[in-house]
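1. whatever this is, show me its structure:
(one chain, ligands or ions: 1)
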Amino acid sequence: MSPGAAPATPRQRKSQLGQFMTPPSVAEFMASLFSLPDGAAIRILDAGAGQGALTASFIERTNSRHRMRATAFEFDEQILAELRTNLADIRTRTCAECELVEGDFIEHAVNRICLGKGERYTHAILNPPYKKIGSDSRHRGLLRAVGLETVNLYTGFVGLALELLERGGELVAIIPRSFCNGPYYQPFRRFVLRRAAIRHIHLFDARNKAFKEDGVLQENIIIKMVRGGEQGAVTVSTSTDGRFADYEAIQRDFARIVFPGDPDQFIHIPTGDDDQILERASFGHSLADLGLTVSTGPVVDFRLRDDLRADPERGTVPLLYPGHFSTGGLQWPKQGFKKPNAIRETPATRTWLYPNGFYAVVRRFSSKEERRRIVANVIDPARLPSGMIGIENHLNVFHAKRQPIPEVLAHGLACYLNATAVDTYFRRFNGHTQVNATDLRAMRYPSREALIALGQWAKDHAVIAQDEIDARVHSL
Ligand SMILES: C[S@@+](CC[C@H](N)C(=O)[O-])C[C@H]1O[C@@H](n2cnc3c(N)ncnc32)[C@H](O)[C@@H]1O
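-> Just a heads-up that it's a prediction; the model follows:
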């Protein structure tokens with residue numbers, strides 16, 4: 001803490017340490033996912049044990065036929081006293097041995113792995129801390145030493161716990177879904193999928209419900225993996241919240257979880273009610289097949305503040321924000337708009353501008369309440385009196401090497417992206433409300449001809465009802 005700074009509130013402190021405790025019903029569910037062969041000696045790891053809720057639930061599930069040894073790692077002084085008491089209580093109530101390692105799990109685990117010494121576990125149960133780790137931090141360096149390149153403590157904990165399991169050992173963790181997609185977690189996905197088989201994924205399909213008290217904004221999943229296991233079908237289950245009252249489970253082929261040949265190894269979570277049309281071969285085209293690229297809007301407004309203008313004036317060109325698009329299409333300039341309508345065209349800003357023309361754009365951010373995460377629109381050059389235009393960073397733009405695309409293709413693409421089936425497919429691998437260019441690159445598309453045919457139909461309608469879009473896309 002810097003001199004004079006106010007001490008962190010309990011909530012801030014919790015967030016700094018990534019401390020969100022598992023509710024008892026969720027802990028019980030997690031413990032129920034393990035297989036416990038009769039008579040086997042069990043060595044369970046609880047990394048980032050907090051008050052010991054997960055160890056307690058696990059031991060509750062075992063019985064006297066199991067020889068049990070639990071190892072809990074925790075480093076927070078303020079929580080250790082309670083953890084010591086809880087572990088002592090478990091020891092007296094059961095015949096389990098409980099060991100507490102007071103220190104940094106990452107450091108201990110990396111040392112153990114590098115030296116090839118120390119205990120290997122039969123089971124690991126974790127709710128690891130969620131905290132970004134900087135590229136030059138000590139934790140990042142330690143994780144790198146065992147071949148794990150990752151950006152968050154939670155993936156570091158899961159990777160190390162897997163590494164500390166014996167062959168056939170099982171891991172159950174409650175973690176955010178963010179590792180399922182995106183480039184930053186790709187090395188982690190590779191690390192995990194090389195070492196383990198995924199057996200079960202549970203999805204909470206309402207944000208915050210699993211940790212209502214703590215208001216965690218991440219969408220969480222529970223994942224079960226088996227070290228060195230043979231990958232077969234995966235159980236995908238859902239419930240609205242930690243009460244599991246509406247629990248449903250379904251078996252999915254692994255090829256529908258991680259697509260064969262996907263270099264990014266995105267992890268999809270296909271639940272029972274999703275639309276499978278995008279899995280048809282006719283939707284198997286990449287953007288490269290279509291001759292298109294998608295990029296984040298290049299104008300980062302705060303970097304070009306001096307060049308922004310509230311209203312168009314001589315020497316400026318239109319600057320487009322998500323707010324310029326509505327169901328009625330592109331509206332520019334917007335009177336009383338909170339954002340600038342224009343950007344100066346200068347030799348310096350020109351590198352960030354695109355030639356005016358047709359493009360499809362997708363908002364990068366939506367709110368949880370919005371029905372669809374993917375919201376696409378068309379830039380219609382006739383509404384923009386200019387040779388060049390600025391596309392702001394909160395939009396993704398589909399282009400052809402920074403040049404406009406044909407009008408019908410722009411309409412076809414926007415119409416396709418607005419289909420419910422596309423949105424559902426997207427939600428399977430992306431749990432956030434953010435839609436990044438990498439996600440759009442990873443989508444499946446129909447052929448260019450099919451998009452053009454769709455665009456021919458769509459371009460003559462100012463507003464199209466959702467079920468009409470869905471019916472058209474289904475018939476492609
Ligand atoms: C998300 S909480 C979960 C606590 C508990 N497992 C549960 O499920 O209720 C993560 C815990 O990891 C601890 N932690 C964070 N970084 C750690 C580290 N590097 N080594 C050991 N424990 C750590 C935090 O203090 C916190 O108690």
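
2. pull the number of nearby residues for residue 465.
-> Other residues within reach of residue 465, judged by other C-beta atoms under 10 Å, total 9. (Glycine included, C-beta is placed from N, CA and C.)

3. just the pLDDT for it.
-> pLDDT recorded at residue 465 is 88.

4. what's the neighbour count on the residue of the stretch 151-300 of the chain found nearest the ligand?
-> Closest residue of the stretch 151-300 of the chain to the ligand, C-beta to the nearest ligand atom: residue 153 (6.0 Å). Applying other C-beta under 10 Å, we find 22 residues neighbouring residue 153.

5. so it versus residue 143, what's the distance?
-> For residue 153, the distance to residue 143 equals 9 Å [C-beta to C-beta, to the nearest Å].

6. joint contacts of those two?
-> Residues touching both residue 153 and residue 143 (C-beta atoms under 8 Å, 6 or more residues apart in numbering): 106, 133.

7. can you pull up the bridge partners for residue 390?
-> Note on residue 390: beta-bridge partners by DSSP bridges are residue 319, residue 353.

8. isn't residue 462 up against residue 330?
-> No. Using C-beta atoms under 8 Å as the test, residue 462 is too far from residue 330 to be in contact (11.2 Å).

9. okay, the two: which has more neighbours?
-> More neighbours surround residue 330 than the other of residue 462 and residue 330, with 18 against 8 (other C-beta under 10 Å).

10. can you report phi and psi for that one?
-> phi -80, psi 130 (degrees, to the nearest 10).

11. state the pLDDT value of it.
-> 93.

12. which residues touch the residue of the stretch 151-300 of the chain closest to the ligand?
-> Per C-beta under 8 Å, 6+ apart, neighbours of residue 153: 18, 106, 128-133, 139.

13. contacts only, for the closest residue in space to residue 324 that isn't next to it in sequence.
-> Using C-beta to C-beta, 6 or more residues apart in numbering and skipping residues adjacent in sequence, the residue nearest residue 324 is residue 332, 5.1 Å away. Contact partners of residue 332, counting by C-beta under 8 Å, 6+ apart, are 318, 320, 324, 341, 383-384.

14. would you say residue 410 is within a helix?
-> Yes. Applying DSSP: H, G, I helix; E, B strand; the rest coil, one finds residue 410 inside a helix.

15. so who does residue 466 touch?
-> The contact partners of residue 466, taken as C-beta under 8 Å, 6+ apart, are 418, 420.

16. mind doing that once more with 6 Å?
-> Neighbour list for residue 466: empty [criterion: C-beta atoms under 6 Å, 6 or more residues apart in numbering].

17. how about the one 3 residues further on?
-> Contact partners of residue 469, counting by C-beta under 6 Å, 6+ apart, are 415, 418-419.

18. narrow the residues you listed to those in helices?
-> In this view, those that belong to helices under DSSP state H are residue 415.

19. what is the nearest of the contacts of residue 469 to residue 395?
-> Nearest to residue 395 among the contacts of residue 469: residue 418, at 14.8 Å, using C-beta to C-beta.

20. residue 411 versus the closest one, what's the distance?
-> Distance from residue 418 to residue 411, by C-beta to C-beta: 11 Å.

21. between those two, which one's more packed in?
-> A count of neighbours by other C-beta under 10 Å puts residue 411 above the other of residue 418 and residue 411, at 25 against 21.
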